[in-house]
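In: Let's see this in three dimensions:
(2 chains)
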Amino acid sequence: MGFAVTPEFLLVFSVMAPFMGALVAPYLGSWLKARAGYPLILCFVPTLFLIPYAPAARSNVPLEAGFDWVSAIGLRVDFRADGFSLMFSLIVAAIGILILAYAAAYLGKTERHGRFYSYLLSFGGAMLGLVLADNLIALFAFWELTSISSFLLIGFWGSRKASQDGAEKALVITALGGLALLVAVILLSIAGGTQQISELDLATLRSSPLFIPALVLLLIAAFTKSAQLPFHLWLPTAMEAPTPVSAFLHSATMVKAGVILVAKFGFLLDWGVFSLVIMYVGLATMFWGSYLALRQNDLKALLAYSTVSQLGILMSLYGSGHAFAATAHLVNHAAFKAALFMVVGIIDHETGSRDISKLSGLRRKLPLTFIVALPAALSMAGLPIFGGFISKELFYEGMVHEGFLPILIAVTGSIMTFAYSLRFLKVFFGPFRCENPNVHEASYRLWLPAAPLSLAVIAFGILKINPLKGLTFKSDTLAVWFTGLAAPSFGYEAEHLYLWHGFNLALGLSVLTWVLGVLLHLGRDRFHRVQQALTPAWNNNTIYYKSLAGLEHFSSWFTHKTQGASFATHLRIIVATFGLIGATVLWRYWPAQLTGVPLAFWLVALLILADVVGVLSATNRLSAIIFAGLAGVASTLLFVLLSAPDLALTQLLIETVTIILFLSVFRFLPRLSTYLRPRSLTLLDGLISLGVAATLFTTLVAVQTPIADRIKDFYLDYSKSIGGGYNVVNVILVDFRGYDTMGEITVLSIVAISVFALLKIAVKRAKAESQDDQIS
Amino acid sequence: MNLLALPILIPLFSGAVLLLLPSRIWRFVLACLAALLCLGVSLSILNTVLSGKVMVLQMSNWPAPWGISLVADGLTGIMLALSALVGLLTVIFAGSSLQHEPRRGQSKLVNELRERFGFQALLQFLLMGVNMSFLTGDLFNLFVAFEVMLISSYGLLLIGNELPQLREGFKYVVVNLIASAIFVVAAGMIYGLIGTLNMADIAVKVAQHTASYGPDARLSLLAMMLALVFATKAAVFPLGFWLPSSYPVPAAAASAFFAALLTKVGVYSLIRTFTLMFPEEDLIKTLLLVLAALSMVVGALGMISQSRWRHTLAFANISSIGYLLMGVFTRQNMGLSAALYYLIHTVLVIFTLFLIAALAEKIAGLKYTSEGHLNTYPWLAASYFIAALALAGLPPTTGFIAKYALISASLKVGGLLNNWVAAAAVVTGLLLLYASVEIWRGFFWGESHAVHQVSLPAGMKGTMAASLGLLVLLAIASGPLYRLANFAADQLSRNTAYIAAVLVETQAPRLGDPPLPTDHGVEEETH
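Out: Coordinates of the predicted model:
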């Protein structure tokens, strides 16, 4: 056939496939129910077919592909499978596949399966896009898409208030970072002159004043998304999501987006104070996260805070330039944390509880789950032979280079990490205790998807396989191959991933960590009491909810103050603006040439003025109308003076009709005295009126000397010869500008139609109502 | 054949005939046909102007600047197509929705009476007024167009005689009449100072005057008056208080059309004023840019403060006007193209959201706080979600592209003010998102009490789906669409083609020339 799968197509397709899956998921879901997860696994398979392009990425000639979206503003959807991107997209796809398989067993019969898979796959596509994107705007777009799908997934059980709050909080905070990212990518593309990430040039960027603001905003984005202090508050409440979601988004993939951002733009951020800020924010997050993890009683909450803490490790490592250690830990964490979340899901599913204080001895009832959980938890604790140990060693080595304070925080945080890992494992040990006595081992469909992750945790350290024939890597463990993929992105050599590093400082610190960790675990009750005592009255959740309430309050107050003001106030604003306009140029045209105005006009003006004063000071409606009528008649005089008798006649007619109309509706109106305004307002309105008069007067004076000849002569010349009439005004109305007249006639007709409709409807409604009354 | 008068004449005649037709079905069929025809003509005009040609029709065959010119350039083409498209959808939506009760718990008598006593006809007249505004090349004629638009929208606002309609209608008409009064004063004074009412001619004379004498405060004064009028029509803060209380009160179809298009006529007029007639008025532009930024924020805050569907969306409309004007007054082509793209996007988004609001009101009444409709109406939820993403400017919608383009243009031009405006746009994005999420939480999430499922008319659902489909299509076709916006913006920034088409192509008789040939003196009926 003519169609061949080119590598470029494969790259684009691997991002698009999950989105396509998201479109069919609703139908599959209503057909296959939860089991729709199995066929949908196919959506992540195209990504796996990118593995053969790993050598190319390894030798720094990555696969690139993309298409134009809005070329006018440089918006291209571009993908670039460089080493790091490829590595992480493989993680996303692999965990995605396992999660789909897990969810197919996890979801209950009554859930909305189609919707769930649709959200989950949209996320998968967005995450792959985010990782692989090589265009700044596309990167931002995928970034926001992950936030949106995360919002939907956290709120999947939207009937619960807690889910709604969690979803909204996650969205608001990540969207806040998203906006920072939006401005950051715009600034970067302006400063760098390109929207392709791979073409950004550090020297060009550094010469731009926009560079530093861009970096600051970039960091805010990264910190919000990866739940760094002080933005970490959204991640624990995101645990309202179904557990497969927590395992996928909120531990293994999405929360790493901020870290990825820092890693991808590491070459820009590797710069004095930025490195320090990232490192210390990361370390602080690591410390605080593990401290809070220790005090959780909910297994899922424990893992959530643990994730916060581990993200801190990753952030500090990438920030301080220890990309190799960071990448190794990134891989490890994705594996063990996803596995642990799945385990919690199984425990929850089988026992109906996630409360550490109510569960113990589960290994007797859930032996296979326990076997899966053990390596993952020990890896989290940082014990050898598991992957976590290796990367923890690398973390220590890195922090030792950074000085005393970093390594101190690192070790203290790790001690608490060790302790909460033991606390997690405690539910499997001891005598069996559970509120639900009928606990059985979960179906293989639940634990089997978690098993490969636990295997990976073990394999990371010891398994020697050659994943693809023909690869010539210096070392041959899976972990080296995998972390080595990212090597060209950071310029490191992945050669020394060994369990045994010899007796060095890192090992000594590890031993210290274990010893103190065990002690902390044993003394956990006392430590817990200290934590309780130290709990402050407020935290950043308080700030978050207070600010939302404040926003709501301010919006209502502001809108009520402005929108709720009286109608008269609104009119005053418009009219006063008109008054102000003229007043601004009044000074310039003040000494106007008023001497040329004939005496008659002055008299008419005086007459009108007197009438206006009469209208304003009238206390009953009849005299007000009479004065208004007089003012009208006076203006008729102007037309007479300007030798336009027909217009004068028209004006007189209109004035008369108006007065008759006024008098006829007179008796329906309330007394005028009920509308008398307070004195202060009278003053204000007087000022506004003066402003209006000033504007009109200024304008009138200003236009007395036109900037170009008025076109009136044409009408005088052709009115008779072509227009066929001696009265130029009439010819203008019916010929020169007959189209205007057509419009005005239409206006009058519409008025008639509307009035007719109003009256008819009023009658019909009254009739219908009286009928209703009779019936009832 | 010159089609330019047809977008005005088709609705005029169909509106008149609609009043005579005795049955609802026939009225519906004719209104649809007229709207379809109008759409065809508008698309054909758009197609012609896209070649770069500026179409001109001199009414009554009087040459410019003495007669009234109808002109269509890229911007007019876009606006006509938008109004025809939204017009057609509104006609269909009205046809369906006016057969049923306006919202839950009401009798359907009100809507039936609305339909019977001229709703469709008034809608056609409104379309006529809107198209007149987009097509005219004459300032006073623009005033006439505004009158047609105002009075037919006032009719639509009142028809049905509900108490809120009568109360808010009064405010609506008073504010707009004041604006009209200022407009007519401004038009008169402009004739007094510049000696002409033809926009192209004004442009030429203002440019000549400024070139030889430098800036003239009198011109600024008049430009400011026009700005005041059009900004009031566009509901720019703090002149737009009339909008949020009046747009939600008429029949749903009217609300949707008003929100989608009427304020945009104000924006359109601002664009014409400050690209064609008074392009050098930098101070006024700066002032309007500041007001644009305020409108964005105030609109979004207003949205957060409301709990009724259409009231909330009315504030969203104000916010979108802010974004639109932000682009218009970013002082460079880049901003203008972004604004025109945003314009196309926002017309459809606001329209779609109002249709969704109409459906939601049928389900649960005016407020969106009745919870739990996600499982009962998943398609409505999905539609709302997509439209809300577009409103808040999130990917992968047109809103995202528009917001990106606007902020990027603003930052590229740079300077303190532009940076602040860009910051306001960014923050407003977050506020809009929050407000949209609150609606989502209030209406779709939550405990579902689907005791009585309301069956929604297929016509209403279909129109909403069509409108949403268009929105999705626009997102996919954003490449060509943005080029279209670019083209129109480019044409606006270089007025030569417009002016040449209006003034030069006609054989202007000079004073003292022999009278024009007598066969010219045919009356305007031939057009």
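
In: which residues touch the one helix or strand A:Ala631 maps to?
Out: Counting by DSSP states H and E, the secondary-structure element that holds A:Ala631 is helix A:621-641. Here helix A:621-641 makes contact (C-beta atoms under 8 Å, 6 or more residues apart in numbering or on different chains) with A:598, A:600-601, A:604, A:607-608, A:611-612, A:614-615, A:618, A:645, A:647-648, A:651-652, A:654-655, A:658-659, A:662-663, A:666, A:669, A:671-672. For every residue, glycine as well, the C-beta is placed using N, CA and C.

In: what about chain A, any weak spots by pLDDT?
Out: A:1-3, A:461-478, A:493-502, A:586-596, A:672-676, A:775-776 (pLDDT under 70).

In: so where do the strands sit in it?
Out: Assigned by DSSP state E, chain A shows strands spanning A:63-70, A:75-81.

In: And for chain B?
Out: Using DSSP E, strands in chain B cover B:55-58, B:69-72.

In: what's the last one packed up against?
Out: Which is strand B:69-72. helix B:24-49, strand B:55-58, helix B:119-135, helix B:199-213 (3 or more C-beta pairs under 8 Å, 6 or more residues apart in numbering or on different chains; DSSP states H and E).

In: Send me the second one as PDB with only the CA atoms.
Out: Extracted as PDB, the C-alpha positions of strand B:55-58 are listed here (Å, rounded to 0.1, in the frame of the first residue of the first chain):
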ATOM      1  CA  MET B  55     -16.200  46.800  -2.700                       C
ATOM      2  CA  VAL B  56     -18.100  50.000  -2.900                       C
ATOM      3  CA  LEU B  57     -21.700  50.800  -3.700                       C
ATOM      4  CA  GLN B  58     -22.700  54.500  -4.000                       C
END
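
In: Show residues contacting it.
Out: Residues outside strand B:55-58 that contact it (C-beta under 8 Å, 6+ apart) are B:2-5, B:45, B:48-49, B:64, B:67-73, B:137, B:501-502, B:505-506, B:527.

In: Determine which stretch of the helices and strands packed on strand B:69-72 is the most buried.
Out: Of all the helices and strands packed on strand B:69-72, helix B:119-135 carries the top mean neighbour count, a mean of 29, counting by mean count of other C-beta atoms under 10 Å in any protein chain shown.

In: Just checking that one against chain A, any contact.
Out: Yes: using C-beta under 8 Å from any C-beta of the partner chain, helix B:119-135 reaches chain A at B:Ala121, B:Leu122, B:Phe125, B:Met128, B:Met132.

In: ok, so of those residues, who is nearest B:Arg483?
Out: B:Met132 (28.2 Å; C-beta to C-beta).

In: and that closest one, what is it in contact with?
Out: Listed by C-beta under 8 Å, 6+ apart, the contact set of B:Met132 reads A:Gly743, B:Ile8, B:Asn141, B:Val144, B:Ala145, B:Val148, B:Met149.

In: all helices for the stretch 51-200 of chain B, in order.
Out: B:74-97, B:109-116, B:119-135, B:139-158, B:163-194, B:199-213 (DSSP state H, counting those that start in this stretch).

In: I'd like these written out as TSV, with mean pLDDT added.
Out: Listed next are the helices of the stretch 51-200 of chain B as TSV, based on pLDDT from 0 to 100:
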stretch	mean pLDDT
helix B:74-97	96
helix B:109-116	92
helix B:119-135	97
helix B:139-158	96
helix B:163-194	94
helix B:199-213	93
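
In: and those helices, which is most packed in?
Out: Mean neighbour counts for the helices of the stretch 51-200 of chain B (mean count of other C-beta under 10 Å) peak at helix B:119-135, with a mean of 29.

In: export it as PDB, just CAs?
Out: Written as PDB, here are the backbone C-alpha positions of helix B:119-135 (Å, rounded to 0.1, in the frame of the first residue of the first chain):
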ATOM      1  CA  PHE B 119     -40.100  38.400  17.400                       C
ATOM      2  CA  GLN B 120     -38.700  37.000  14.200                       C
ATOM      3  CA  ALA B 121     -39.500  40.200  12.300                       C
ATOM      4  CA  LEU B 122     -37.800  42.300  14.900                       C
ATOM      5  CA  LEU B 123     -34.800  40.000  14.700                       C
ATOM      6  CA  GLN B 124     -34.600  40.600  11.000                       C
ATOM      7  CA  PHE B 125     -34.700  44.400  11.500                       C
ATOM      8  CA  LEU B 126     -32.000  44.000  14.100                       C
ATOM      9  CA  LEU B 127     -29.900  42.100  11.600                       C
ATOM     10  CA  MET B 128     -30.600  44.900   9.100                       C
ATOM     11  CA  GLY B 129     -29.300  47.500  11.500                       C
ATOM     12  CA  VAL B 130     -26.200  45.500  12.400                       C
ATOM     13  CA  ASN B 131     -25.400  44.900   8.700                       C
ATOM     14  CA  MET B 132     -26.000  48.600   8.000                       C
ATOM     15  CA  SER B 133     -23.500  49.500  10.600                       C
ATOM     16  CA  PHE B 134     -20.900  47.200   9.200                       C
ATOM     17  CA  LEU B 135     -21.400  48.300   5.600                       C
END
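
In: okay, the angle between that helix and helix B:24-49?
Out: Put simply, helix B:119-135 runs at 10 degrees to helix B:24-49, going by axes from the mean of the first three to the mean of the last three C-alpha atoms, to 10 degrees.

In: how far is helix B:119-135 from where the chain is centred?
Out: Taking C-alpha atoms, centre = their mean, to the nearest Å, one finds helix B:119-135 lying 12 Å from the centre of the chain it belongs to.

In: Ok, stretch A:289-303 next?
Out: Worked out by C-alpha atoms, centre = their mean, stretch A:289-303 lies 27 Å from the chain centre.

In: List the buried residues in it.
Out: Neighbour-count burial for stretch A:289-303 flags A:289-296, A:298-303 (criterion: 16 or more other C-beta atoms under 10 Å in any protein chain shown).

In: Not counting sequence-adjacent ones, nearest residue to the residue nearest the centre of chain A?
Out: Compute the mean C-alpha point of chain A, and by C-alpha atoms, centre = their mean the closest residue is A:Ala175, 2.7 Å away. Of all residues beyond its chain neighbours, the one nearest A:Ala175 is B:Leu433 (5.5 Å), with distances taken as C-beta to C-beta, 6 or more residues apart in numbering or on different chains.

In: The one you found contacts B:Phe400, doesn't it?
Out: No: at 11.6 Å, B:Leu433 does not count as touching B:Phe400 under the criterion of C-beta atoms under 8 Å.

In: Now render the helices of the stretch 51-200 of chain B as JSON lines, adding distance to A:Pro209.
Out: Below are those laid out as JSON lines (distance: least, C-beta to C-beta, whole Å):
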{"stretch": "helix B:74-97", "distance to A:Pro209": "35"}
{"stretch": "helix B:109-116", "distance to A:Pro209": "59"}
{"stretch": "helix B:119-135", "distance to A:Pro209": "42"}
{"stretch": "helix B:139-158", "distance to A:Pro209": "44"}
{"stretch": "helix B:163-194", "distance to A:Pro209": "43"}
{"stretch": "helix B:199-213", "distance to A:Pro209": "35"}
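
In: From the residues of helix B:119-135 next to chain A, pick the one nearest chain A.
Out: Of all the residues of helix B:119-135 next to chain A, chain A sits closest to B:Phe125, with 5.3 Å by C-beta to the nearest C-beta.

In: measure the closest one to B:Leu431 for me?
Out: For B:Phe125, the distance to B:Leu431 equals 37 Å [C-beta to C-beta, to the nearest Å].

In: Kindly report the same for A:Ala339.
Out: Separation of A:Ala339 from B:Leu431 (C-beta to C-beta): 40 Å.

In: Looking at these two, which is more packed in?
Out: The neighbour count for A:Ala339 versus B:Leu431, taken as other C-beta atoms under 10 Å in any protein chain shown, is higher for A:Ala339 (32 against 21).
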